[in-house]
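Peer 1: Using only what follows, build the 3D model:
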Amino acid sequence: MAETRKLNVGLAAPDRDEMVYLESIRYNRRPSLRTVVSGQRVPMELTSLGQAYLASAPEAKRKALLAHFREARAGQGRSLGPGISLAIESVATLGYCAASWQPEVAAVAAPLVFQGAYYSLNVSVSSAEAFDAVVRELAPTLLLLKERILRKLEIAEAER
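Peer 2: Residues are numbered from 1 along each chain as shown. Next up, the predicted model:
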């Protein structure tokens, strides 16, 4: 899907207050200086991957992480609550959330939970287009990819 649609696709897992890329396939439409490799860490509270995880995390874990972010970022004057609350609401209603924590990079992510394991899946592009327009374009692809992955995991599990 990354190659045919010229998208970046990433799969990440939570580790403390960060998301760690397990896999990253880069097929961006326009050249970008940003490279992402397996093992790379990104901030949970600022990225679509992290916010999708927070939306699906068990409530006690989410509350602990939000308290940690408020404490760790207290002097920065950045209010995280509204952005994360919006992401949680977006995942609940649309199945995904969106963020742009790097200039001209739009990313949409969805939680990917299978047998009690929590991951986040995202698709992203570098684009000078309006953020909302890019999100509307990317979201169906993300949701289709998530559905395909979960279906294949369920089939593999049933065959075991």
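Peer 1: Determine the set of other helices and strands touching whichever strand or helix holds Val20.
Peer 2: Taking DSSP states H and E as the criterion, Val20 maps to strand 18-26. Applying 3 or more Cβ pairs under 8 Å, 6 or more residues apart in numbering; DSSP states H and E, one finds that strand 18-26 contacts helix 2-5, strand 8-15, strand 41-43, helix 48-56. (Each C-beta comes from the backbone N, C-alpha and C, glycine too.)
Peer 1: What residues of the third one count as buried?
Peer 2: In this case it means strand 41-43. Neighbour-count burial for strand 41-43, with 16 or more other Cβ atoms under 10 Å as criterion, is recorded at Val42.
Peer 1: ranges for the strands of this structure?
Peer 2: 8-15, 18-26, 41-43, 97-99, 105-114, 117-126 (DSSP state E).
Peer 1: For the longest helix along the chain, name the packing helices and strands.
Peer 2: What stands out as the longest helix in the chain, according to DSSP state H, is helix 131-159. Packed against helix 131-159 by the contact rule (3+ Cβ pairs under 8 Å, 6+ apart) you find strand 97-99, strand 105-114, strand 117-126.
Peer 1: So what's the model's average confidence on the shortest one?
Peer 2: This points to strand 97-99. For strand 97-99, the mean per-residue pLDDT is 95.
Peer 1: which residues are in contact with that strand?
Peer 2: Contact with strand 97-99 is made by 46-48, 51-52, 55, 83, 86-88, 90-91, 106-110, 131, 135, 138-139, as judged by Cβ atoms under 8 Å, 6 or more residues apart in numbering.
Peer 1: And the residue most central in space within the chain, how close does it get to Glu157?
Peer 2: Per Cα atoms, centre = their mean, the C-alpha nearest to the average position across the chain is that of Leu49, at 2.0 Å. Applying Cβ to Cβ, to the nearest Å, the value for Leu49 to Glu157 is 24 Å.
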